[in-house]
Structure formats: structure tokens, C-alpha cells
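In: Have a look at this fold, sequence not included:
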């Protein structure tokens, strides 16, 4: 894999199969995450530029500072709803450690919200115990 990153572990691939939207601080579908997803047959739907800017602004300006406002949660969920309707996403990759704190429901909006921190920790523990 490019840039020294390992391929996702099998358990992560199984949970993440299908088309997904990714929230995080790096532009979804770009860089290492986009390359890894593509190699695993996972299509990433990208929010439009305004939604990406909103996600980044709220992530860096609120979430990393421990501020979790109901109106921010509702707008994030509205973005999910739009991409579900337009792109038929089958899951949401929460690509930042603070995102599961505001998007708490693992089956939010009828699709899985994939907490990458939880997935990585679970895989690390499984590797340590094997």
C-alpha cells in the first residue's frame, strides 16, 4: 500500500463493504483513505464543497474542543440524509475521533455509522490476543 499504510484488516473490510460517505478532516475519497477504500472495492461518496467546509469547520471549531451542539448534530445528519437519497450510501465512516461523540447511534438513519477508532482498537486487540 502507498505511503506505508497497511491494508484494512478483514474485519474492517467486512463491516465497511458497500458505498459509504466519509466524514473527517481529510477530504473524503482523497489520500490514503480513498486509495485503501478503492482497493477494497468500497466506493466513497463525497459531500459537496459547502458540506465539506461545514464538516471541517464544526469538527475543528467545536468538536475537538468538546463542544457538541444539537444544531451541529442535526446538520450533520441532514448531510447524511442528502447523500443517502442522492448517492445511496450504505454506511457512514466516522473518520475522526470526536465524530462518534456527536453521532452516537451506530445505526443512525438506517445505515451503520462506522467508528474507525473502535474498529482499529478492536482489530489491534484481536491481533494482540491471537
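Out: Received the coordinates, thanks. Owing to the predicted nature of the structure, the values given are computational and were not obtained by experimental measurement.

In: wait, residue 80 sits on residue 91?
Out: No - applying Cβ atoms under 8 Å, one finds residue 80 not in contact with residue 91, separated by 10.1 Å. In short, each C-beta sits where N, CA and C put it, glycine included.

In: On the three-state scheme, residue 127 is what?
Out: helix (DSSP: H, G, I helix; E, B strand; the rest coil).

In: so how far is residue 89 from it?
Out: Separation of residue 127 from residue 89 (Cβ to Cβ, to the nearest Å): 29 Å.

In: what do you get for residue 41?
Out: 15 Å.

In: In the protein, which helix is the longest?
Out: Looking across the chain with DSSP state H, the single longest helix is helix 70-87.

In: Now that one: buried residues?
Out: 72, 73, 76, 77, 79, 80, 83, 84, 87 (16 or more other Cβ atoms under 10 Å).

In: Does anything pack onto it? Which helices or strands?
Out: Where contact means 3 or more Cβ pairs under 8 Å, 6 or more residues apart in numbering; DSSP states H and E, helix 70-87 is packed against strand 19-24, strand 43-45, helix 49-61, helix 99-102.

In: Out of those, indicate the one that is most buried.
Out: Ranked by mean neighbour count, the helices and strands packed on helix 70-87 are led by strand 19-24 with a mean of 22 (mean count of other Cβ atoms under 10 Å).

In: so where's this structure uncertain?
Out: Low-confidence segments of the chain (pLDDT under 70): 1-33.

In: can you do 90?
Out: 1-46, 93, 95-96, 104-109, 116, 120 (pLDDT under 90).
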